[in-house]
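*Asks:* sequence and predicted structure below; questions after.
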Amino acid sequence: MMLRLTTAIAASAVGLAQAAYASTDYPLTLTNCGVDFSVTSPPERTVTVGQSATEILYSLGLADRVNGTSVWFNPVLPQFADANEAIERIANDDPSFEAVVNKRPDLVAVQYEWHVGPTGSVATREQFHELGINTYIMPADCDTKDNSTGGDGSRTAAFSTDSIYKGITELATIYDVQDAGEALITDLAAREQRAIVLASSLDLPEDLSAAFWFSSTDLGVSPFVAGQLGAPGYMMEKLGIRNVIESDEEWPTVGWESIARADPDVLVIASMDRRRFPADDIEAKREFLHSDPVTREMNAVKNNRIVEMDAHAMSATMRTIYGLESLAEALSNMSFNE
């Protein structure tokens, strides 16, 4: 099975980090998701709207600069459990504008533009800026992505981990912790490459296919599945897997009958703490797959080739690389001799 090995991953990542290695010269002006903003000193008080921003700041050694978090899908990474416990979680899901402002942040770091953006469910960027509060949106949610289409948006080009490394580099520059940014990027790029090499060593079927199921508004209705160009699409492309979902939307809804006709060899299902929808529950997902007369006939279900993955890893985040690792490891333990 031929895999597309990315030989430039580490070089690209290190290049991004080294470009920002010098100490920050304030005032610093950045263009972020089409909006210019300036910081005159490292932010002292930060509220995060999205687990991705939270964990990147923690990974940069900046937990002491975070005084409020929100929008959680999975438990925090174990190494940050103690630090996270001491920081107020202002909401598990979407916080209110008032709850964020009441924390008096210098900066609001955001995972999704649909939370803080032109039609933000929390607020627009202008609402924060009018109060003297800067906003920073993770580039992975706006680079190569059109969020004006509604819902989770559509990709205009394939997601790349370069956008994750860009976000790390820019946050490290904003907070003047470039050495920590370089170290984090180097570690993530090495993990990314190791996962690709592991998959390349496996004797996998030539046309191995998969689908990623995030959730559903109700069990039995058309599920939210991963399109071609988002983070799951990146994982599949790097591991040489064909995505049976032919859509550029981030998370299109596709009927189970259509998915069953495509008959993916592997199903990857999201595990999360969130309980917005019945299908957020991983056990409910499994029970449905094995009991529904359509889904139970799929090869992936009959042969128990179902992989659990943190929901946060299925989004364009630092944990996407963790998801790449876990999928490569799961494939190494699967049999395809039917």
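*Replies:* Perfect, thanks for sending it.
*Asks:* which helix or strand contains Y234?
*Replies:* Using DSSP states H and E, Y234 sits within helix 231-239.
*Asks:* OK, contacts around I56?
*Replies:* 138, 167-168, 171, 184, 318 (CB atoms under 8 Å, 6 or more residues apart in numbering). From N, CA and C alone the C-beta is placed, and that goes for glycine too.
*Asks:* rewinding a little: list the helices and strands the helix holding Y234 packs on?
*Replies:* Using 3 or more CB pairs under 8 Å, 6 or more residues apart in numbering; DSSP states H and E, the elements in contact with helix 231-239 are helix 178-200, strand 242-243, helix 311-314, helix 319-332.
*Asks:* just the C-alpha atoms of that helix, please, in PDB.
*Replies:* Presented in PDB, the C-alpha positions along helix 231-239 are these (Å, rounded to 0.1, in the frame of the first residue of the first chain):
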ATOM      1  CA  ALA A 231      -8.700  17.100  10.200                       C
ATOM      2  CA  PRO A 232     -10.000  13.500   9.700                       C
ATOM      3  CA  GLY A 233      -9.400  13.900   6.000                       C
ATOM      4  CA  TYR A 234      -5.800  14.800   6.800                       C
ATOM      5  CA  MET A 235      -5.400  11.700   8.900                       C
ATOM      6  CA  MET A 236      -6.900   9.500   6.200                       C
ATOM      7  CA  GLU A 237      -4.700  11.000   3.500                       C
ATOM      8  CA  LYS A 238      -1.500  10.700   5.500                       C
ATOM      9  CA  LEU A 239      -2.300   7.000   6.300                       C
END
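*Asks:* now do that helix against helix 319-332, angle only.
*Replies:* Between helix 231-239 and helix 319-332, the angle comes out at 50 degrees (axes from the mean of the first three to the mean of the last three CA atoms, to 10 degrees).
*Asks:* residue numbering should commence at 23 henceforth.
*Replies:* From this message on, residue numbering opens at 23, which makes the last subject helix 253-261.
*Asks:* what does helix 253-261 contact?
*Replies:* 25-26, 28, 177, 180-183, 214, 217-218, 221, 232, 234, 248-249, 263-265, 290, 335-339, 342, 345-346, 349-350, 353.
*Asks:* low pLDDT regions in the stretch 23-172 of the chain?
*Replies:* Within the stretch 23-172 of the chain, the segments meeting pLDDT under 70 span 23-43.
*Asks:* 90 - rerun?
*Replies:* Under the criterion pLDDT under 90, the flagged ranges of the stretch 23-172 of the chain are 23-44, 166, 168, 170-172.
*Asks:* helices of that one, start to end?
*Replies:* Under the criterion DSSP state H, counting those that start in this stretch, the stretch 23-172 of the chain contains helices at 31-41, 73-81, 103-107, 119-123, 147-151.
*Asks:* and for the stretch 173-322 of the chain?
*Replies:* Counting by DSSP H, counting those that start in this stretch, the helices of the stretch 173-322 of the chain are 184-196, 200-222, 253-261, 278-284, 304-313, 321-324.
*Asks:* could I get those as TSV with distance to T76?
*Replies:* Shown next, in TSV, are these (distance: least, CB to CB, whole Å):
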stretch	distance to T76
helix 184-196	11
helix 200-222	14
helix 253-261	17
helix 278-284	33
helix 304-313	22
helix 321-324	33
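*Asks:* just to revisit the earlier point, top of the contacts of I78 by neighbour count?
*Replies:* Among the contacts of I78, the one with the most neighbours (other CB atoms under 10 Å) is M160, at 29 neighbours.
*Asks:* grab the nearest non-local neighbour of that residue.
*Replies:* Excluding the flanking residues, the one nearest M160 by CB to CB, 6 or more residues apart in numbering is G189, at 4.7 Å.
*Asks:* tell me how far that neighbour lies from I218.
*Replies:* Noted for G189: a distance of 21 Å to I218, by CB to CB, to the nearest Å.
*Asks:* what residues are up against the closest residue to E330 other than its chain neighbours?
*Replies:* Closest residue to E330 apart from its sequence neighbours, by CB to CB, 6+ apart: S293 at 4.9 Å. Contacts for S293 (CB under 8 Å, 6+ apart) come out as 96, 304, 330-333.
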